[in-house]
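# sequence first, predicted model second:
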Amino acid sequence: MSRPGAADPGAAVERLRRELNLDAASAAEALREFTALRGTYSLEGEALHWLACALYVACRRSRVPTVGSSPMEGNGVSLTRILRSARLSLIQFFSKMKKWMDMSNLPQEFRERVERLERNFEVSTVIFKKFEPIFFDMFQNPYEETFKPHRSRKQRRVPCSVKDLFNFCWTLFVYTKGNFRMIGDDLVNSYHLLLCCLDLIFANALLCPNRRDLLNPSFKGLPVEFHTLEIKGSKDPPCIIAMLCELHDGLLVEAKGIKEHYFKPYIAKLFDRKILKGDCLLDLCNFTENSKALNKEYEEYVLTVGDFDERVFLGADAEEEIGTRKFPADVPGEKTAARAHMECHLQQHFEKKRSFAPSTPLTGRRYLREKEAAITPVASATQSVSRLQSMVAGLKNAPSEQLTAIFESCARSPLESIVSRVKEIGETFCCSYTQSTDEQPGSHIDFAVNRLKLAEILYYKILETIMVQETRRLHGKDLTALLEQDLFHRSLLACCLEIVLFAYSSPRTFPWIIEVLDLRPFYFYKVIEVLIRSEEGLSRDMVKHLNSIEEQILESLAWTRNSALWNALEASENKVPTCEEVIFPNNFEASNGGSGFGHLPMMPLSPIIHPRVKEVRTDLGGSLRRDMQPLSPISVHERYSSPTAGSAKRRLFGDDSPKEMQVEKILTKGTKLTIAPASSIGAENMSASPGQTVLTMTTTTGPGKAGQKVTIPLHGIANDMSGITLIPISMNLGQPCKVDAQAPCHPPGNQAQEVQLPAAGKPKRTGSLALFYRKVSILTHKQHSSS
């Protein structure tokens, strides 16, 4: 037997209109849109469910006139009531609503509203699953208490039960969360707000006369004198925030900040407005009125501001409406299969959204199986913040003494410009973070300042590590050119801000940060490798997140119409680098045997093989020893340096062949230095003894004709300065002539840098464009291998 509405949409809309007390205009608009789309598309499933989507759109678009104020958005019908009447779960609604928005071509503003609503639903679902065990730890189980029937016919007030307390605490939480819109879809802040609500209810239950029966006697947060006859009175209610954070994965500093700056002032405001009253919220004379007033205020909020009535988690039909797990003692055996089915739908929804777990980078799989035991999303989020705070513990959001010394050693100290740039970016970030948009509500300035401070500390910390590595790599070469690169600093600070936002599970997901700071994706991605290689404290999930950003840029963001990629291609005369030109010669590994990391057959390695990147990409974790990590042949200085004059010249006489452009320097175990000859002499029969290396130059200032070739066999010996000593063995100038070995000749420091290159040498083409296409080639190979 089909449900009403399967055959006659008009009758179904009329029934919904009567049940919802809906105005005729909204009902007619919904039916009109449904009829138009059904004539164009094949709407699979029940027609009533599609009608619910049409009704929701019609209700949100309507404007209801009010007395003495501007028209109210919506018509007073909540999404929860629409779905309940249409017998449509929230998860199914979000799935169908996305298709409906595509078919009806709804504006971007409406799409962002639905996305924000879905994010809020996901956060609330995760928080409620955390709320249940915490409440059971602090209070009695509401589904194990027994009710005694009253023999007297007189109506009298009954003390609140544990279940009433459970509902009151959750309603207080969702109403308070709704007041702070910047907290609504923030998982970490929402969780700490929940702990504040539990702390308040616990204090009232402890201090209220004859209400100690609500508490769990085995709760670790009970005072020592709890089991005595009387508890000593106190002017200030007890605070168990620290205990709750310790027992249930909270962050004490964050929770205390939420309580002092947001929760306590708001609760005081509720008392001033007479929504809450009494010295004890749970007192026999106060609880019923407090509960009614709080529910009334929340219902008004849902009808005017919100869409999703989060009290649905408390209903008896919660598992049918959203897939929430019910209390074990209250679930009949015959409903076990249905509950498992709904929980499966809920889990699948989260996996599709990928809201609280970063996707695995450079692979076709959705997720990488975690090595750690399965943890809740709340625990994962709080651990990410805790990890971030431990990374910056004891540091200041200013250059350290060592970093300042590096700045002062430069030809021109960049300290003033760097500090000024950080301040400018910070102001831009705070302004955008606190500004409300159609996409999401603005956050409080305190949150913005806190996030910015963490990012600044991380920025200076990583910048110092990068500069120390570059100084060591370049053997003291002046770093002024790199430190004056505005793009490098902006990208690095933006990446640090992205790490902080990710740790806090912020809804402001990438590419929000580069849009705010006006950074082009084609330039931004270059700093990701540098940051991962320089900061070992990044968690596994953070590395996965950063690599997924790089993948997103390589796949789509760098190919948009206004991308800087097209400018780079135009500058190179539209010559797209080939894979052979940009891949490092030793980056393709043999499938069997051979040297290198043979457990990845035929996989082109990225220049960076950071332990955490290797852990993410191979799922082998610690199997790769740290002393086996080759440094990236591409230094930060090379990534952000301007092209040399020679490389920027226009080729007037055709393309230079790769052999003419290639200069190979191979450092072997025998410390022999090989400088490959140019192709112009490649056909000549040149030989050298096994202990010699041939150096060929095309011109000379010695005796003879101009342009005469000079052949100098050299012998290279490793010296104590970690460099190469070149000893001339003989000279061939027109006619062979012998030259005695001279005293060791130490090359300058900048030449020493050039000879200390990895065994593979550099690719045939370098620069920003070559780096980009090398990564694209690696990503393409990865995706092809995993498909």
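Here it is on my side, so go on.

# when you work out contacts or count neighbours from here on, use the C-alpha atoms and nothing else.
OK.

# so the nearest residue to residue 33 once chain neighbours are set aside, which of the three states?
Spatial nearest neighbour of residue 33, excluding adjacent residues (Cα to Cα, 6 or more residues apart in numbering): residue 54 at 6.7 Å. Secondary structure, DSSP: H, G, I helix; E, B strand; the rest coil: residue 54 is helix.

# residue 384 and residue 265, how far apart?
28 Å (Cα to Cα, to the nearest Å).

# the more surrounded of those two?
A side-by-side neighbour count of residue 384 and residue 265, using other Cα atoms under 10 Å, places residue 384 first with 24 against 11.

# so who does residue 93 touch?
Shown in contact with residue 93 (Cα atoms under 8 Å, 6 or more residues apart in numbering): 49, 53, 83.

# now, which of the residues you listed sits nearest residue 432?
Taking Cα to Cα as the measure, residue 432 sits nearest to residue 53 out of these, at 32.5 Å.

# neighbours of residue 24, how many?
When counting by other Cα under 10 Å, one arrives at 12 neighbours for residue 24.

# give me the nearest residue to it, chain neighbours excluded.
Per Cα to Cα, 6+ apart, closest to residue 24 is residue 17, 7.5 Å.

# hang on, isn't residue 444 packed against residue 182?
Yes: Residue 444 is within contact range of residue 182, at 6.9 Å (criterion: Cα atoms under 8 Å).

# can you check the pLDDT for the residue nearest to residue 33?
Among the per-residue scores, residue 54 holds a pLDDT of 92.

# which residues in the stretch 251-400 of the chain form helices?
252-258, 264-272, 287-304, 318-321, 336-353, 377-391 (DSSP state H, counting those that start in this stretch).

# packing partners of the longest helix that the chain contains?
As assigned by DSSP state H, the longest helix anywhere in the chain is helix 108-138. Here helix 108-138 touches helix 187-207, helix 377-391, going by 3 or more Cα pairs under 8 Å, 6 or more residues apart in numbering; DSSP states H and E.

# tell me the angle it makes with helix 187-207.
Between the axes of helix 108-138 and helix 187-207, defined by axes from the mean of the first three to the mean of the last three Cα atoms, to 10 degrees, the angle is 40 degrees.

# show me how the chain divides into domains.
Following automatic domain parsing, the chain resolves into domains at 9-106, 116-144+160-314, 377-642+769-786, 665-760.

# residues in contact with residue 391?
If you count contacts by Cα under 8 Å, 6+ apart, then residue 391 has 458, 537 around it.

# measure it to residue 500 for me?
11 Å.

# can you check residue 305 too?
29 Å.

# please apply the same query to residue 79.
According to Cα to Cα, residue 79 and residue 500 sit 33 Å apart.

# now residue 55
Residue 55 is 39 Å from residue 500, by Cα to Cα.

# please name the residues that touch residue 406.
residue 467 are the contacts of residue 406 under Cα under 8 Å, 6+ apart.

# can you list the weak-confidence ranges in the stretch 451-600 of the chain?
Along the stretch 451-600 of the chain, the parts satisfying pLDDT under 70 run over 573-574, 579-600.

# rerun that using 90 as the cut-off
Where the stretch 451-600 of the chain drops to pLDDT under 90, the residues are 469-482, 484-485, 503-511, 521-527, 529-530, 533-542, 547, 550-600.

# how close does residue 485 get to residue 533?
Plainly put, residue 485 is 20 Å away from residue 533 if you go by Cα to Cα.

# go on, residue 417?
Counting by Cα to Cα, the gap from residue 417 to residue 533 is 25 Å.

# likewise residue 322?
Counting by Cα to Cα, the gap from residue 322 to residue 533 is 43 Å.

# could you do residue 51 as well?
Applying Cα to Cα, the value for residue 51 to residue 533 is 53 Å.

# those two: who's more crowded?
residue 51 (25 against 21).

# what's the local residue count around the closest residue in space to the more buried one that isn't next to it in sequence?
Nearest residue to residue 51 in three dimensions, chain neighbours excluded: residue 34, at 6.5 Å (Cα to Cα, 6+ apart). For residue 34, the count of nearby residues is 22 (other Cα under 10 Å).

# surely residue 34 meets residue 54?
Yes: the pair residue 34 / residue 54 is scored as a contact, 6.3 Å apart, by Cα under 8 Å.

# about what we covered before: for residue 283, find the nearest of the helices and strands packed on helix 108-138.
helix 187-207 (8.7 Å).

# ok, residue 210 - how many residues close by?
Residue 210 has 12 nearby residues by other Cα under 10 Å.

# what of the one 3 residues further on?
As a burial measure, the neighbour count of residue 213 was computed by other Cα under 10 Å and equals 13.

# quick one: it is in a helix?
Yes: counting by three-state DSSP, residue 213 is part of a helix.

# roughly how far does it sit from residue 159?
From residue 213 to residue 159 the distance is 11 Å (Cα to Cα).

# likewise for residue 80?
30 Å.

# who has more neighbours, the two?
Neighbour tally, residue 80 and residue 159, criterion other Cα under 10 Å: the higher count belongs to residue 80, 20 against 16.

# packing partners for the helix or strand containing the more buried one?
Assigned by DSSP states H and E, residue 80 falls within helix 79-86. On a contact count with 3+ Cα pairs under 8 Å, 6+ apart, helix 79-86 meets helix 9-20, helix 47-61.

# quick check: buried residues in the shortest one?
Read it as helix 9-20. For helix 9-20, the neighbour count (16 or more other Cα atoms under 10 Å) marks 9-10, 12-17 as buried.

# mean confidence (pLDDT) on it, please.
87.

# show me what it is packed against.
helix 24-40, helix 47-61, helix 79-86.

# circling back to that earlier point, right, so of the helices of the stretch 251-400 of the chain, which gets closest to residue 122?
Smallest distance to residue 122 across the helices of the stretch 251-400 of the chain (Cα to Cα): 7.6 Å, for helix 336-353.

# from residue 267, how far out is residue 211?
Counting by Cα to Cα, the gap from residue 211 to residue 267 is 21 Å.

# let me know how buried residue 245 is, in neighbour terms.
18.

# same question for residue 252.
16.

# and the helices in the stretch 501-650 of the chain, which stretches?
512-516, 521-524, 526-534, 540-555, 564-571, 579-582, 611-618, 636-640, 645-648.

# more neighbours: residue 444 and residue 182, which one.
The residue with more neighbours, out of residue 444 and residue 182, is residue 182; 22 against 16, by other Cα under 10 Å.

# for the more buried one, which non-adjacent residue is closest in space?
residue 443 (4.5 Å).

# swap in residue 242?
residue 252 (5.9 Å).

# residues contacting that neighbour?
Residue 252 touches 241-242, 245, counting by Cα under 8 Å, 6+ apart.

# quick check: it vs residue 244, distance?
Residue 252 is 9 Å from residue 244, by Cα to Cα.

# and if you look at residue 551?
39 Å.

# which one of these two has more residues nearby?
residue 244 (23 against 20).

# go ahead and confirm that one touches residue 250.
Yes: applying Cα under 8 Å, one finds residue 244 in contact with residue 250, separated by 6.9 Å.

# what do those two both touch?
By Cα under 8 Å, 6+ apart, residue 244 and residue 250 have no common neighbours.

# thinking again about what came up before, I'd assumed residue 186 was in contact with the residue nearest to residue 182.
No: if you go by Cα under 8 Å, residue 443 and residue 186 don't touch, sitting 9.9 Å apart.
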